[in-house]
Structures are given as C-alpha cells and as structure tokens.
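Asks: Provided below are the primary sequence and the corresponding predicted coordinates.
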Amino acid sequence: VKVIEHFDISYYQYLNEKSELALDAPAIAQDQAALLTLYRQMLLTRLFDAKAIALQRTGKLGTYPSTRGQEAVFVGMGHTLLPEDVFVPYYRDVGTLLARGVSLTQVLLYWGGDERGNDFGKNNFPYSVPVGSQPLHAAGAAFALKYRELPNAALGVCGDGATSQGDFYEAMNIAGAWQLPVVFVICNNQWAISVSRTAQTAAKTLAQKAIAAGIPGEQVDGNDVIAVTARVAAALQAAREKREPRVLEMLCYRQHDHTTADDASRYEPKIQREQEWAKEPIQRLRLYLEAKKWLNQAAHDEMEATSVQAVEIAVEQYLATPPQPATSMFDHLYANLPPIYQAQRDLLVNKEVSHG
Ligand SMILES: Cc1ncc(C[n+]2csc(CCOP(=O)(O)OP(=O)(O)O)c2C)c(N)n1
Ligand SMILES: [Mg+2]
C-alpha cells in the first residue's frame, strides 16, 4: 500500500479573539480608510438587522432572516468584489448587497413581499431561497464569463446546511471539471435551522468537500473581517487571473433565530450562543481600531448616529411605497405567461376592476 496523495486544509485568522494582529497579516490590516469603511458597513448592517426584526415583530415586514453575528462574512465579500464580478447572494445577505449599491429600502421591500425589491441590478443575482441553488447559479454564471472570455469572476454564497445538498457537490464538480472562474463561499453559521453543524455531516471541515472536486478549499475565521477580505481577494484573484475555482468556508455563528419564524431557544444551548458572542466581528475590529487610535468613542457614536438615520430613512421610504397590484404575482416568474396563468391573471384583473 502506498499513500498516493495528501490533502491539507488551512485555517486563516489574522485578527484573533483578543483583537491581536498576526505577524503575517495582509496589507489591509494597516489600511485605516478601508478598515473604517468595513467597520461602518458592519455597524450599519447590524443596526438594519435589528430594525428589520422589530418591523417584523410589529407586523410591518414578512419573515426575515437575521444576519446578526455574520456581518464580517458579507461585508468583507462586498468590499472585495468588483462591480463587473457576478454576485449570487443567498437570503441571509445584506452586507454584500449594500457594498454593491443596493439600498436598504430595496431589501426591506423584498422581505415585505414586494418582488421589485429583488432586482439588485447589473451583475447581481436576485435572492434565491431554495437552499443550495446559489452554487449552481454561480457556476453557470462563471461558465458564461469564461465562454464570453470576460476577465471577471462569479461568487456564490450558501450556508453550512446547503453543503449537504447534491446541488452543492454538483456545482463544485462542474467548476472543477471545467475550471470555472468561480468562488464558492460557505457561511458556516453552525446551524441549518435546528440542525447543528455536527449533526449535518461527519466531515471535520466543510472546506474539505472541495477536495473531491479537485478544487482548493480552506477555512477562514468569518468573525475576522481582515481574514475574510484577504482570503476572498486571493480566491477572486485565482478565479480572475488563473481561471480556477475556490471554496472558502467562513466560520461564524448565527446570533439569532434562523428567521423571525423560528424560536431557537427550543433547540440551541443558550451557553453556546453566549460563548460565541465573545468572538463576534464588530467588537473585535473596534478594539483593534481603538488600539491603533483610528477610532474613538466620539467617532463611533457619529457612525452609529449616521447609520441609525440611514436605517430610519430606508424604513420611511419602505413604508411609504405603495403596494403593487395583486396581478404582480404573475409578473416575475415567466417571460411568457403560460395560458393557465394568463387565464388566472385575467380573472384577477376583472375582479380588481369590478371592485374598483
Ligand atoms: C431546497 C430547500 N429545502 C429546504 C428549505 C427550507 N430551509 C430554508 S433555510 C434552511 C436551512 C439552511 O441552512 P444553511 O444552509 O446552514 O443556511 P443558514 O440559513 O443557516 O444561513 C432550510 C432547510 C429551502 N428553503 N430550500
Ligand atoms: Mg447555517
């Protein structure tokens, strides 16, 4: 018997739980402007998140999936993607979309049931709720980029639970076989609704799932925004320049119920969430910024006040947006409506007319 191959999975962390910087930290760790931008965006994302939950609780928003505690993953990706890269979000994403110019009002519209809120503009796919669909969409977009000989990359995000789906393996397999310029990011927040990460798979890491597809995979501390940006940047560079796929497993923790329709206290050990809170990304960066004298209480307060104001304005705009007519439910799925739905649409139009 001979060992014919060895595989390693690396774990990247530059800013540790005590906000200490590693000696081999990337250049962004010394980039005051970039880190303050990341801090501001993470803060805004968290404040928006709390407001969205409050809106749902008071009957002003539909079901909403919280992004609390996972801000570094999304904001870090948004910072690194170029406008020409194709981004395939999953439902938990707010931070990346913000960085890509999507407004908070739009995100609220979507979760308020208005499909107009799901048009995120050029090079951004809409939210896709089917678990595990995003890696396939990203692989397809990457194939299109390659076929058209465009120099950019596609990036798709999914959760830890999604990596148990056949779709995830199929997407990685085709990306490896065809060497597609795609980055698959796994937001490993340790839960797939009530199914824990350990119940989900016997694999020690989710990153190692890439190996079978012939793709490099690695783990990244998803609570360390410096590591997130650096590793997403490296993966995107490999995709853009070498036309190679990558898998990044971001380790973080879901600091809320799965969605507002869930009650995690029925299955999640309270102590676990509390322990994980000590690693959360915003305070970690804040302590580093303060140690560098790049942030003080007054600057933080100013950022917070501006963010609260931005969220308030978005909420006002959202609440003031007139609802779409009921017929709009037929308008976003088919290019050409099949006759059976056309008949139903006509019926609805007549009803709306007869009801004035
Ligand atoms: C194909 C499919 N099956 C089931 C669901 C219901 N569902 C929504 S989210 C979710 C859990 C997903 O967990 P994970 O992939 O870890 O992502 P997270 O929500 O934790 O970010 C499930 C089962 C769905 N949306 N799509
Ligand atoms: Mg999860």
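Replies: Looks like it came in fine. What you are looking at is a predicted structure, and each value in this text was computed from that prediction instead of being measured. Ligands and ions are numbered 1, 2, ... in the order given.

Asks: Report the distance from the one helix or strand residue 174 maps to to the chain centre.
Replies: Assessed by DSSP states H and E, residue 174 sits inside helix 166-177. Per C-alpha atoms, centre = their mean, to the nearest Å, the displacement of helix 166-177 from the mean C-alpha position of its chain is 20 Å.

Asks: List the buried residues in it.
Replies: Residues 167, 168, 169, 171, 172, 174, 175, 176 are the ones in helix 166-177 that count as buried (16 or more other C-beta atoms under 10 Å). (Glycine included, C-beta is placed from N, CA and C.)

Asks: Report all helices and strands that it contacts.
Replies: Judged by 3 or more C-beta pairs under 8 Å, 6 or more residues apart in numbering; DSSP states H and E, helix 166-177 is in contact with helix 133-147, strand 182-188.

Asks: Any idea which of the ones you listed gets closest to residue 64?
Replies: strand 182-188 (16.4 Å; C-beta to C-beta).

Asks: For the helix or strand just after the closest one, which strands pair with it and how are they oriented?
Replies: Once the chain leaves strand 182-188, the next helix or strand it forms, by DSSP H and E, is strand 191-192. With DSSP bridges as the test, strand 191-192 is paired with strand 195-196 (antiparallel).

Asks: just to revisit the earlier point, so for the helix holding residue 174, mean pLDDT?
Replies: In this model, helix 166-177 has a mean pLDDT of 98.

Asks: about what we covered before: which stretch among the helices and strands packed on helix 166-177 comes nearest residue 39?
Replies: Using C-beta to C-beta, the helices and strands packed on helix 166-177 put strand 182-188 closest to residue 39, at 19.8 Å.

Asks: Show me what that closest one is packed against.
Replies: Using 3+ C-beta pairs under 8 Å, 6+ apart: strand 182-188 touches helix 71-80, helix 133-147, strand 154-159, helix 166-177, helix 225-237, strand 246-251.

Asks: Can you spell out which helices and strands pack onto the second one?
Replies: Applying 3+ C-beta pairs under 8 Å, 6+ apart, one finds that helix 133-147 contacts strand 86-88, strand 154-159, helix 166-177, strand 182-188.

Asks: returning to what we had before: the helix holding residue 174 near ligand 2 anywhere?
Replies: No. Figure legend: helix 166-177 not in contact with ligand 2 (C-beta under 5 Å from the ion); closest approach 12.6 Å.

Asks: now the angle between strand 182-188 and that helix, please.
Replies: Interaxial angle, helix 166-177 versus strand 182-188 (axes from the mean of the first three to the mean of the last three C-alpha atoms, to 10 degrees): 150 degrees.

Asks: now stretch 209-216: how far from the chain's centre is it?
Replies: 22 Å.

Asks: Output it in CSV, but only the C-alpha positions, please.
Replies: Once non-C-alpha atoms are left out, stretch 209-216 reads as follows in CSV (Å, rounded to 0.1, in the frame of the first residue of the first chain):
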residue,chain,number,x,y,z
LYS,A,209,-15.6,18.9,0.5
ALA,A,210,-13.8,20.8,-2.2
ILE,A,211,-11.1,18.2,-2.4
ALA,A,212,-13.2,15.6,-4.2
ALA,A,213,-14.0,18.1,-6.9
GLY,A,214,-10.3,18.9,-7.4
ILE,A,215,-10.7,22.4,-6.0
PRO,A,216,-8.6,24.1,-3.3
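
Asks: Residue 250 contacts residue 188, doesn't it?
Replies: Yes. Taking C-beta atoms under 8 Å as the definition, residue 250 is a contact partner of residue 188 at 6.0 Å.

Asks: Show me whatever sits in contact with both of the two.
Replies: Jointly contacting residue 250 and residue 188 under the rule C-beta atoms under 8 Å, 6 or more residues apart in numbering are residue 222.

Asks: related to what we said a few turns ago, could you redo the helices and strands packed on strand 182-188 as TSV and give each row distance to residue 198?
Replies: Shown next, in TSV, are the helices and strands packed on strand 182-188 (distance: least, C-beta to C-beta, whole Å):
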stretch	distance to residue 198
helix 71-80	20
helix 133-147	22
strand 154-159	15
helix 166-177	18
helix 225-237	23
strand 246-251	13
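
Asks: Is residue 222 in contact with residue 186, as I believe?
Replies: No. Counting by C-beta under 8 Å, residue 222 stays clear of residue 186, with 9.2 Å between them.

Asks: can you list residues touching both of the two?
Replies: By C-beta under 8 Å, 6+ apart, the residues touching both residue 222 and residue 186 are residue 250.

Asks: and residue 224, how far is that from residue 204?
Replies: For residue 224, the distance to residue 204 equals 20 Å [C-beta to C-beta, to the nearest Å].

Asks: What of residue 106?
Replies: In terms of C-beta to C-beta, residue 106 sits 39 Å off from residue 204.

Asks: More neighbours: the two, which one.
Replies: For the pair residue 106 and residue 204, the greater number of neighbours falls to residue 106 (21 against 8), based on other C-beta atoms under 10 Å.
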